[in-house]
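Participant: Sequence below, structure please.
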Amino acid sequence: MRTVRRNVLAVPSGVPHLGRTRFEAPRATRRAFLASAGAAVGATWGLAGASEPLRAGAGGPARFQPRFAICNETFGDWPFEKAFALAAECGYQGVEIAPFTLAPWVTDIPAARRREVRTQAEKAGLQVVGLHWLLAKTTGLHLTSPDPEVRRRTAEYLGALARFCADLGGSLMVFGSPQQRNVPTGTSRADALARAVEVLRSAVPEFEKTGVTLAFEPLSPKTTNFVTTAAEAVELIDRVQSDRCRLILDCNAMTGGEARPIPDVLREHRSRLVHVHANDPNQQGPGFGSLDFVPILRALREIAYAGWISVEVFDYAPGPERLARESLAYLRRCLGQVQ
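Facilitator: Predicted structure coming up:
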């Protein structure tokens with residue numbers, strides 16, 4: 001077994017070191033090779049993990065062919081191998097990983113475990129799209145903290161997350177983490193924004209080194225008081241001034257934070273959009289509530305969206321299998337109406 005190498009940093013008690021944990025990528029299966037080749041083609045669109053969304057048939061109109069992924073926490077305490085197998089059976093092509101489903105801190109996930117997860121996904125025929133819930137279960141990290149040391153550690157940890165993401169074969173990190181970005185009491189929005197920009201800029205070199213893009217996620221005002229609309233996210237992204245910092249839009253969050261219909265928001269921010277989370281305002285999967293995805297998919301087709309569409313749920317009451325199967329089946333039915 002290859003020895004795990006780490007660079008120990010001096011950090012306060014309770015916060016793990018953020019040194020590198022590296023391993024050699026496993027030999028890819030043929031299916032995984034084809035998936036990565038598709039991603040490389042999509043990279044020419046300037047979108048992380050993208051594939052060609054439109055294909056012209058013989059003498060016919062172009063078809064919208066998005067790739068669908070599912071977030072792994074949907075499967076609760078299922079072993080990864082079982083969860084990945086069901087996702088592939090349902091027809092998903094990718095999986096998003098919540099780091100806390102492996103360990104509270106990614107710096108505690110050894111090379112062997114990283115290798116194992118990547119291999120399990122590839123054997124199932126899935127691509128690891130990337131990560132989400134980046135700072136969940138951590139302590140002492142915060143994007144808009146007035147404490148410079150907290151911000152420094154947060155930027156370093158984002159770098160550790162990028163290395164972990166790349167080790168799994170992913171190229172995208174979704175920054176949601178509402179509790180770790182809320183504007184602290186006594187802090188102005190302008191100061192919070194400046195601090196967030198500082199943290200993200202500090203992490204950009206590691207994003208560039210690993211080939212990982214951070215997608216910032218506007219969230220509903222019910223869950224956070226910092227960046228609750230796509231326009232606010234774009235303001236932050238533009239100030240970071242890096243192609244490695246882009247936009248993700250979440251359907252549930254948009255129903256709570258945007259004044260305009262979701263399709264209009266998608267169209268307006270098409271140039272920065274690299275990822276979409278599909279879910280219903282009732283916190284379950286697409287098709288489990290009242291949100292109509294036909295106009296949403298139609299808008300994505302119109303803008304030639306080339307990224308992944310990932311099913312992310314927060315209410316797991318229907319159970320993993322129903323959520324996985326029925327969410328994708330509904331999205332496919334909707335997709336059939338926009339071709």
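
Participant: Dig out what the closest residue to residue 237 other than its chain neighbours forms beta bridges with.
Facilitator: Nearest residue to residue 237, sequence neighbours excluded (C-beta to C-beta, 6 or more residues apart in numbering): residue 245, at 5.3 Å. For glycine as for every other residue, the C-beta is placed from the backbone atoms N, C-alpha and C. Residue 245 forms beta bridges with residue 214, as assigned by DSSP bridges.

Participant: Quick check: residue 245 touching residue 208?
Facilitator: No - counting by C-beta atoms under 8 Å, residue 245 does not reach residue 208; the two are 10.7 Å apart.

Participant: who's more crowded, those two?
Facilitator: In this view residue 245 and residue 208 are compared by other C-beta atoms under 10 Å, and residue 245 has more residues nearby, 25 against 14.

Participant: residue contacts, that one?
Facilitator: Contacts here follow C-beta atoms under 8 Å, 6 or more residues apart in numbering; on that basis residue 245 touches 200, 204, 207, 213, 214, 216, 237.

Participant: If we use 10 Å, what do you get?
Facilitator: Applying C-beta atoms under 10 Å, 6 or more residues apart in numbering to residue 245 gives the contacts 175, 197, 200-201, 203-204, 207, 213-216, 233, 236-239, 272, 274.

Participant: Also residue 209?
Facilitator: So residue 209 contacts 159, 162, 163, 166, 244 (C-beta under 10 Å, 6+ apart).

Participant: mind running it again at 8 Å?
Facilitator: Residues counted as contacts of residue 209 (C-beta under 8 Å, 6+ apart) are residue 162.

Participant: what ranges do the strands span in the protein?
Facilitator: With strands called from DSSP state E, the chain shows them at 54-56, 62-64, 67-71, 94-97, 127-131, 172-175, 213-216, 245-250, 273-278, 308-311.

Participant: The fifth one pairs with which strands, parallel or anti?
Facilitator: Meaning strand 127-131. strand 94-97 (parallel), strand 172-175 (parallel).

Participant: how about low-confidence regions in the chain?
Facilitator: In the predicted model, the chain carries pLDDT under 70 at residues 1-62.

Participant: mind running it again at 50?
Facilitator: The model of the chain has pLDDT under 50 over residues 1-13, 20-53, 55-60.

Participant: Longest helix in it, please.
Facilitator: Taking DSSP state H as the criterion, the chain has its longest helix at helix 189-210.

Participant: roughly how far out does that one sit from the chain middle?
Facilitator: 17 Å (C-alpha atoms, centre = their mean, to the nearest Å).

Participant: Between strand 245-250 and that helix, find me the angle.
Facilitator: Interaxial angle of helix 189-210 relative to strand 245-250 (axes from the mean of the first three to the mean of the last three C-alpha atoms, to 10 degrees): 110 degrees.

Participant: Convert helix 189-210 to CSV, retaining C-alpha atoms only.
Facilitator: The C-alpha trace of helix 189-210 is given here as CSV (Å, rounded to 0.1, in the frame of the first residue of the first chain):
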residue,chain,number,x,y,z
ARG,A,189,-23.4,42.9,3.7
ALA,A,190,-20.6,44.8,2.0
ASP,A,191,-18.0,43.5,4.5
ALA,A,192,-19.4,40.0,4.3
LEU,A,193,-19.1,40.0,0.5
ALA,A,194,-15.5,41.3,0.6
ARG,A,195,-14.6,38.5,3.0
ALA,A,196,-16.2,35.9,0.9
VAL,A,197,-14.4,37.2,-2.2
GLU,A,198,-11.1,37.1,-0.2
VAL,A,199,-11.6,33.4,0.8
LEU,A,200,-12.6,32.2,-2.7
ARG,A,201,-9.7,34.1,-4.3
SER,A,202,-7.3,32.5,-1.9
ALA,A,203,-8.5,29.1,-2.9
VAL,A,204,-8.5,29.7,-6.7
PRO,A,205,-4.8,28.5,-7.2
GLU,A,206,-5.7,25.1,-5.8
PHE,A,207,-8.9,25.0,-8.0
GLU,A,208,-6.7,25.7,-11.0
LYS,A,209,-4.1,23.1,-10.0
THR,A,210,-6.7,20.4,-9.5
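
Participant: Going by neighbour count, list what's buried in that helix.
Facilitator: 192-193, 195-200, 202-204, 206-207, 210 (16 or more other C-beta atoms under 10 Å).

Participant: which one of the residues you listed is nearest residue 252?
Facilitator: Distance ranking of the buried residues of helix 189-210 against residue 252, using C-beta to C-beta, places residue 196 first at 22.3 Å.

Participant: surely that closest one meets residue 226?
Facilitator: Yes - with contact defined as C-beta under 8 Å, residue 196 and residue 226 form a contacting pair (7.4 Å).

Participant: Mutual contacts of those two, please.
Facilitator: Residues within reach of residue 196 and of residue 226 at once, by C-beta under 8 Å, 6+ apart, are 143, 144, 181.

Participant: Could you export those to TSV, including columns for distance to residue 152 and neighbour count?
Facilitator: Output for the shared contacts of residue 196 and residue 226, formatted as TSV (distance: C-beta to C-beta, whole Å; neighbours: other C-beta atoms under 10 Å):
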residue	distance to residue 152	neighbour count
143	12	28
144	14	25
181	16	25
